[in-house]
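Engineer: Provided below are the primary sequence and the corresponding predicted coordinates.
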Amino acid sequence: MSRQPGSAAVIATRARGRRAAAGGIAAAAAAAVAAGYAGPAVTSWPLLRARLLPGLAGIGKADHVALTFDDGPDLASTPAFIAALAATGTKATFFLLGSMLMHAPEAGRELVDAGHEVAVHGWEHRYTTFRTPAALYDDIARARDLIGDVTGRQPVFFRPPYGVLSAGSLAAARRLGLRPVLWTAWGRDWEARATPESVLATIRKDLAGGGTVLLHDSDCTSAPLSWHAALGAVPMLLAQCADQGLRVGPLAEHFALPGAVTGRG
């Protein structure tokens, strides 16, 4: 049986097409797996999460602003924030790193003694995407357990480093009974060029009733001494909120959870 002219070329072309299609399917499958795991990272986009996931964004009572701090505790800086907040009787939520608390347990206890809420920021300040579910669970659980042991308070909230969630971190938080919360406004206070005025100006762009503000009480992952800009902005931010008729306090109060401490009235 004779072949038609060009049939070998046709067969080869079809074979290449099948290999390309198989490669495309494999690539699509890999992308789907990656999207399924890291897909929640899109919640790091403030406008998107505020619209689609208001609770995750930190949107609470309309006449209230939740004041939150990340990356502490740090003996070089956290006590200064405690003192600044005490001047107006304001309470806040501090998302603690286990690795920082391990070296400054007294600062963690001082936060609770001053009436502030403590929450989980993880053990290490690393992106949660593409870390294994087991590693993420161990990281978050280790931080949660240390916070409970040192402060005597069981954390309720979890905020991933950099505000980037993953399926693994969400699953770990759920298993550990932690509620993920991000923010609606920040001050970019981690930058070397930040000043109290620039921090306040940046926050004011998104400051509104029901929102959650992110600042940092430590420079462990920021420009050295950048925490001074956040500290200087705190009194101005509190005054701004008062001018707008907004109360300021911790997340438990923001979401009206049972046993919430009372913030600035």
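Structural biologist: Happy to help now that I have it.

Engineer: alpha carbons only for contacts and neighbour counts from here, please
Structural biologist: Fine.

Engineer: okay, now the unreliable bits of the stretch 51-200 of the chain?
Structural biologist: 51-52 (pLDDT under 70).

Engineer: where exactly do the helices run in it?
Structural biologist: Counting by DSSP state H, counting those that start in this stretch, the stretch 51-200 of the chain has helices at residues 54-57, 78-86, 98-103, 105-113, 133-151, 167-175, 196-204.

Engineer: quick check: which of these is nearest to residue 233?
Structural biologist: Checking those against residue 233 by C-alpha to C-alpha gives helix 196-204 as the closest, at 4.4 Å.

Engineer: what residues does the closest one touch?
Structural biologist: With contact meaning C-alpha atoms under 8 Å, 6 or more residues apart in numbering, helix 196-204 is reached by 185-189, 213, 228-233, 236-237.

Engineer: now the helix or strand that comes right after it: average pLDDT?
Structural biologist: Downstream of helix 196-204, the next assigned helix or strand under DSSP states H and E is strand 212-216. Averaging pLDDT along strand 212-216 gives 98.

Engineer: can you list the buried residues in whatever helix or strand comes next after strand 212-216?
Structural biologist: Using DSSP H and E, the next helix or strand after strand 212-216 towards the C-terminus is helix 227-243. For helix 227-243, a neighbour-count test (16 or more other C-alpha atoms under 10 Å) marks 227, 228, 229, 230, 231, 232, 233, 234, 235, 237, 238, 241 as buried.

Engineer: got the angle between helix 227-243 and helix 196-204?
Structural biologist: Using axes from the mean of the first three to the mean of the last three C-alpha atoms, to 10 degrees, one finds that helix 227-243 and helix 196-204 are set 50 degrees apart in direction.

Engineer: regarding this structure, what is its longest strand?
Structural biologist: strand 64-72 (DSSP state E).

Engineer: other residues contacting that strand?
Structural biologist: Identification of contacts with strand 64-72 by C-alpha under 8 Å, 6+ apart yields 58, 78, 91-97, 100-101, 121, 125, 208-221, 241, 246-251, 253-254.

Engineer: neighbouring strands for it, and are they parallel or not?
Structural biologist: strand 93-96 (parallel), strand 212-216 (parallel), strand 247-249 (parallel) (DSSP bridges).

Engineer: mind listing what's buried along stretch 163-174?
Structural biologist: Applying 16+ other C-alpha under 10 Å to stretch 163-174 flags 163, 164, 165, 166, 167, 168, 169, 170, 172, 173 as buried.

Engineer: what's the answer for stretch 115-126, then?
Structural biologist: For stretch 115-126, by 16+ other C-alpha under 10 Å, it's 115, 116, 117, 118, 119, 120, 121, 122, 123, 124, 125.

Engineer: what's the closest of these to residue 73?
Structural biologist: residue 118 (10.0 Å).

Engineer: I'd say the closest one and residue 110 touch.
Structural biologist: No: contact criterion C-alpha atoms under 8 Å: residue 118 and residue 110 do not qualify, at 10.8 Å.

Engineer: what's the closest non-adjacent residue to residue 206?
Structural biologist: residue 185 (5.3 Å; C-alpha to C-alpha, 6 or more residues apart in numbering).

Engineer: wait, doesn't the one you found sit right on residue 207?
Structural biologist: Yes: the pair residue 185 / residue 207 is scored as a contact, 6.2 Å apart, by C-alpha under 8 Å.
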